[in-house]
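# Structure for the following, please:
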Amino acid sequence: MSFSTLIRTAIAALILPAVLLSVASAQVSYSVTPPSYTFSATTVGTSSVGVGIIVKNTGSTTFTINSFTLSPLEFQLQDGWAPLTLLPGRTETYQIKFVPDLAQKFFGQLTFQLSGVSGSVVVPLQGNATTTGAVAQITPTQLNFGPQLLGTTSAPQTVTIKNVGTTNMKITAVAVDPPFSVTGFTSSVTLKPNQSLSVQVSYYATQPGTYTNTLVFTPDVLPTKGAALTATAVANPNLTVNSFPLLAAGTTAQPYFAALTAAGGQGTVTWSLAQGSALPAGLALSTSGTISGTLNSTVTAGNYNFVANISDSAGNQASQSFTLPIANTTGAKCGNITSYVANTSTPLQALTDLGTGTYLGSQGGLYPGGSNVRPADHDGDGVTIAQGIQPLDANGHPDPNGKYVLLAIGMSATHTIFYGMQLDAAADPTVNPHLVLVNGAQNDATSGDFALKNHGVWTDIFTYFLPQAGVTANQVVAAWVDDVGYPKGTFPADMSTLQSNLESIAQNLHSKFPNLKLAYFTSREYGGYSNSPNNTESPEPFAYESGFAVKWAIQDQLNGLASLNYDPSKGAVLAPWMAWGPYHWANGLTPNNDEFFWSCQDFTSDGIHPALPAGREKGGNTIMNFFKTDSTTTPWFLSH
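Next comes the predicted model:
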């Protein structure tokens, strides 16, 4: 809660202009920037954009951030831990956000204890909370499309957001992911009381199966709101183009690749451009349906439209209009659209597509035998565990009014992607109201850090992330883990180290959270665009190879390794039940068999971290879809 008036006044007097604070002592030299921070006005029920408080070692002597505290609860930690040793020149960022629960001014502070520095280093914080009379109403809250023939677009369905409150609100974004699309929104729209905005949602059937998604509205003064989407695609007996009409983005003056696909028809399918259509200069469409080449330097950023024709051996014909977005270079290595097996011209192939094939002697597939399907007995155990999950009170006892937690573990990219999922889940009316998503992933938190029982990354989770979400360690029932380390050698040695770390993480999850029963693991996304210093942070093929570490860790449990036992009938329980979560690696612009890909524009300028909002939403959507559809998650993730 807020401080007393006396304490508020005292802290307010400490608020300094947001300029660099630099301090030198006989032992150490350091800086803290900014030395104070005032958040912009924030509506109760929402949160501000986080600010990074940076501690830097500006001297020549190593020192340690022994500990830190943050108060009151309205100022919440997103990132940064202690103890942490800072070498000369090194920095550590403590990311803070403002989450008010009352309409008033809040005064707080982030306090550090540094070795070699007498007293505390205090960063005053201030935030002003406001209220809104706006109330968002979504109609309908669920849409169902299908069954839809491959290569065809559904009839549009309308979703309306209405302001049924007493003050204005602005809709700043409306988002949905392929194979769904939305029209009717182009820029921010202010909704006065009783005004509404209607958009049209369509589904384009690209691959057989069932798809889920969330249409997300982002108001400026309210949490995200949305509608849950479900669609089914079925085989089409007629020749048709089943590639999504909006293609992967290309980058100016860089190589490009896209693989167009067709369904139905007879015999060989031949592709060509329709008369009068043209691709951006430098690109060509092959008769087999691939678009490739290097964009001419004269091609500027923008959307380029063209029509492709197909014909089969029986003379059947079809056509499709496409949009190819071209964007400016991001600063990442946008020309690395494909990665290869070391010292060969063989492209890396997703584990899910590799199957019984091998990579440097190791078999593909997510599970043994080159299969992507969870073994039936293991799946059955997971389903049984999932069906036993129920709301818990703070002490971990069953409580129909209680909560349960899905906890994310990993590095900064994991934090970004899970945050994308949190935004979708907050807007999705089908998510179980007892479920709380807690983001425990942190910047620079490698698998080796989480493998240590007493590392500061765990302290953050217990001291800040769980209490900030209003839950306890006793209420954590499941975890999603996506983490790696830094490559030091070659395959498979690096992956053996990562495998060991992942297994230690599983054991730590069991020992630290008494009711955590399920753990889902994901390997890294594409790392070919990385331009990090010395290319150490998840480059290729390291990012790709991390999938083998996940596979081998899960395989150890399947093989009955005692240190990963989850079944009390087989001895001491030392780990949760383990399985793959979503597999979201793809070889750059070369799509997997499920048409998943990563473009350079999905990442920030370092080529590592998912960009906002594109990469965040793409990654978050893969997790969201997994948890909404997997047999071991739907019993507790969804409302029933």
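# domains for this structure, by residue range?
5-130, 136-234, 240-327, 375-637 (automatic domain parsing).
# Tell me which of the ones you listed is the most buried.
Highest mean neighbour count of those: domain 375-637, a mean of 20 (counted as mean count of other CB atoms under 10 Å). From N, CA and C alone the C-beta is placed, and that goes for glycine too.
# my read is Ile554 is in a helix, agree?
Yes - counting by DSSP: H, G, I helix; E, B strand; the rest coil, one finds Ile554 located in a helix.
# In this structure it contacts Pro576, no?
No - in terms of CB atoms under 8 Å, Ile554 does not count as a neighbour of Pro576; the distance is 11.5 Å.
# can you redo the domains of the chain as a markdown table with distance to Gly369 and mean pLDDT?
What follows is these, written out as a markdown table (distance: least, CB to CB, whole Å; pLDDT from 0 to 100):
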| stretch | distance to Gly369 | mean pLDDT |
| --- | --- | --- |
| domain 5-130 | 40 | 85 |
| domain 136-234 | 22 | 96 |
| domain 240-327 | 27 | 96 |
| domain 375-637 | 9 | 95 |
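# Can you lay out those as JSON lines showing distance to Tyr359?
Supplementary listing: the domains of the chain in JSON lines, determined by distance: least, CB to CB, whole Å:
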{"stretch": "domain 5-130", "distance to Tyr359": "34"}
{"stretch": "domain 136-234", "distance to Tyr359": "24"}
{"stretch": "domain 240-327", "distance to Tyr359": "21"}
{"stretch": "domain 375-637", "distance to Tyr359": "8"}
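# Among those domains, which comes closest to Thr346?
domain 375-637 (11.0 Å; CB to CB).
# Give me the distance from that closest one to the chain's centre.
Distance, stretch centre to chain centre, for domain 375-637: 10 Å (CA atoms, centre = their mean, to the nearest Å).
# What are the boundaries of the strands in the stretch 1-150 of the chain?
Under the criterion DSSP state E, counting those that start in this stretch, the stretch 1-150 of the chain contains strands at 21-24, 29-33, 37-38, 42-43, 51-57, 63-71, 75-79, 84-86, 91-98, 105-114, 121-130, 136-139, 142-149.
# Then the stretch 351-500 of the chain?
Counting by DSSP E, counting those that start in this stretch, the strands of the stretch 351-500 of the chain are 358-359, 362-363, 404-410, 435-439, 476-482.
# Can you tell me the centre-most residue of the protein?
The residue lying closest to the centre of the chain (CA atoms, centre = their mean) is Ile417, at 1.3 Å.
# Between the domains of the chain, which one is closest to Thr344.
Distance to Thr344, taken as CB to CB, is lowest for domain 375-637 among the domains of the chain, at 10.8 Å.
# Can you measure across that closest one, start residue to end residue?
One end of domain 375-637 sits 22 Å from the other (CA to CA, to the nearest Å).
# same question, stretch 461-476
11 Å.
# hmm, who's touching it?
70, 73, 76-77, 99, 392-396, 402-405, 407, 436, 438-440, 512-516 (CB atoms under 8 Å, 6 or more residues apart in numbering).
# now stretch 557-572
Under the criterion CB under 8 Å, 6+ apart, residues 367-368, 375, 378, 381, 503, 506-507, 517, 553, 556, 573-578 lie in contact with stretch 557-572.
# now do the same end-to-end measure for that stretch.
14 Å.
# again with stretch 107-124
Distance across stretch 107-124, first residue to last, is 7 Å (CA to CA).
# again, but for stretch 98-111
16 Å.
# can you check stretch 307-324 too?
11 Å.
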